[in-house]
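Student: Got a sequence here, can you model it:
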Amino acid sequence: MGRNKDLRKKIAGHQRVIELHEEKIRRQRSKDNPDEGLIAGWLDEIADHKKAIEHLSRRLKREW
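Tutor: The predicted structure is shown next:
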């Protein structure tokens, strides 16, 4: 597999995790008594995945 393809697959994986966490947050917030601890944890993980995407995107641009 080419390096660019590998980087794009990794980025897509991080994006999928972000989407899943955003859906979990929406479901949790729709509850009468949402668990703010869970939401905070998912938001932290989303931030980590976004940083990873930024890093991988910079690597991808350098490969071009």
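
Student: where does this structure dip in pLDDT?
Tutor: Counting by pLDDT under 70, the chain contains low-confidence residues at 1, 63-64.

Student: Any idea which residue is closest to the centre of this structure?
Tutor: Taking CA atoms, centre = their mean, the centroid of the chain lies closest to Ile18, which sits 3.2 Å from it.

Student: Please verify my assumption that that residue contacts Ala47.
Tutor: No: counting by CB atoms under 8 Å, Ile18 stays clear of Ala47, with 9.6 Å between them. The C-beta positions use only the backbone N, C-alpha and C, and glycine is treated the same way.

Student: Secondary structure element holding the residue nearest to the centre of the chain?
Tutor: Using DSSP states H and E, Ile18 sits in helix 3-29.

Student: if I pick the residue lying closest to His49 once chain neighbours are set aside, what's in contact with it?
Tutor: The shortest distance from His49 to any non-neighbouring residue, by CB to CB, 6 or more residues apart in numbering, is to His14 (4.4 Å). Neighbouring residues of His14 by CB atoms under 8 Å, 6 or more residues apart in numbering: His49, Lys50, Ala52, Ile53, Leu56.

Student: and whatever helix or strand Arg59 lives in, what other elements does it pack with?
Tutor: Assigned by DSSP H and E, Arg59 belongs to helix 36-63. Secondary-structure packing of helix 36-63 (3 or more CB pairs under 8 Å, 6 or more residues apart in numbering; DSSP states H and E): helix 3-29.

Student: hmm, back to that, quick one: the residue nearest to the centre of the chain and Trp42, what's the gap?
Tutor: 10 Å (CB to CB, to the nearest Å).
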